[in-house]
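Undergrad: pasting the sequence and the predicted model now:
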Amino acid sequence: MKDQAIPAKPKVSPPETLTSLSLTHVQFVGDDIYSKIFAHLTLSPLAITCGYIGVILTTRDLTVILMFAGQLLNECINFALKRLVKQARPTSYLGDGYGMPSSHSQFMAYFATYMIILMYRMGSSGSVSPYVFSVLVVVWAAVVIYSRVHLLYHTWQQVLAGSICGCAFATGYYFFVQRFLRSNGMHDWMLDNAFGRWAYLVDREQMDHVYQWEWNQFQQWRKINQGKND
């Protein structure tokens, strides 16, 4: 019987030469329940990014696409600001790169500000839902922003600067989209060109009471199909 070849063991690098992917690697105090909760909440930007992609693929809504484009541009601005300011993080062993302004804070501040503007723009007149949603999204953003300080990844000054940058950019970008892109017919061009038609892009922001309209359309579709089945 021939000797079976023994597979070679994979080469393992020394521990001191290894590094972690900072995008998902979060360190926290193991025996502190609050630290553990904040460590999970601080990953919210990843969950939101996945949500963006899921909503875009399922709704093909131009409003969400442009919001996501602004979110990515917001991250590019943060990347440039960090390398311009060059302020270190409060701890040398937590996080990579510079800390001013906080990217998590800028991300969440942009997301919360833009979402609140959209809710008031698209929400029903006199409805309580935009107010409730605004409170929830602000609390969510505030907790994530605080988590960066609690976990010692940033100082209060760094998260405050990130929050201001995110809010300011979200407001400016929204008015740029409305006053420049929409006013100059760019939305219609994106909807009517070959790619827009192929991708079935829609622009729900143009519609008043959009959720009520979609519900009415669904009810009409149900009646038609129930009639066919009968």
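TA: Received the coordinates, thanks.
Undergrad: from now on I want contacts and neighbour counts done on CA atoms only, so please keep to that.
TA: Fine.
Undergrad: may I see the buried residues of the helix or strand where residue 71 lies?
TA: When elements are defined using DSSP states H and E, residue 71 is found to belong to helix 62-85. Of the residues in helix 62-85, those buried by neighbour count under the rule 16 or more other C-alpha atoms under 10 Å are 62-65, 67-68, 70-71, 74-75, 77-79, 81-82.
Undergrad: quick one: pLDDT of the most centrally placed residue in the chain?
TA: Closest residue to the average C-alpha location of the chain: residue 48 at 4.0 Å, with C-alpha atoms, centre = their mean. In the predicted model, residue 48 carries a pLDDT score of 90.
Undergrad: could you check the angle helix 62-85 makes with the helix or strand containing it?
TA: Assessed by DSSP H and E, residue 48 sits inside helix 44-59. Between helix 44-59 and helix 62-85, the angle formed by their directions is 150 degrees, by axes from the mean of the first three to the mean of the last three C-alpha atoms, to 10 degrees.
Undergrad: check which helices and strands helix 44-59 sits against.
TA: Helix 44-59 makes packing contacts with helix 62-85, helix 103-122 when contacts are defined by 3 or more C-alpha pairs under 8 Å, 6 or more residues apart in numbering; DSSP states H and E.
Undergrad: is residue 90 in a helix, a strand, or coil?
TA: coil (DSSP: H, G, I helix; E, B strand; the rest coil).
Undergrad: I'd say it and residue 157 touch.
TA: No: counting by C-alpha atoms under 8 Å, residue 90 sits too far from residue 157 to count as a contact (10.6 Å).
Undergrad: between the two, which one's more packed in?
TA: Neighbour totals were compared for residue 90 and residue 157, and residue 90 leads with 17 against 14 (other C-alpha atoms under 10 Å).
Undergrad: mind listing what that one touches?
TA: Residues counted as contacts of residue 90 (C-alpha atoms under 8 Å, 6 or more residues apart in numbering) are 99, 152, 153, 154, 155.
Undergrad: can you pick the most crowded of those residues?
TA: Taking other C-alpha under 10 Å to define a neighbour, the member of the contacts of residue 90 with the most is residue 154, carrying 29 neighbours.
Undergrad: which ones are touching that residue?
TA: For residue 154, the residues meeting the contact criterion (C-alpha under 8 Å, 6+ apart) are 89, 90, 99, 102, 148.
Undergrad: assign it to helix, strand or coil.
TA: Note that with three-state DSSP, the state of residue 154 is coil.
Undergrad: state the distance from it to residue 100.
TA: 8 Å (C-alpha to C-alpha, to the nearest Å).
Undergrad: who touches both of the two?
TA: Between them, residue 154 and residue 100 share the neighbouring residues residue 89, with contact defined by C-alpha under 8 Å, 6+ apart.
Undergrad: next one: the lowest-mean-pLDDT helix or strand in the chain to chain centre, how far?
TA: One helix or strand of the chain scores below all others by mean pLDDT, DSSP states H and E: helix 33-41, with a mean of 72. Using C-alpha atoms, centre = their mean, to the nearest Å, we find the averaged C-alpha position of helix 33-41 to lie 19 Å away from the chain's own average C-alpha position.
Undergrad: lovely, talk soon.
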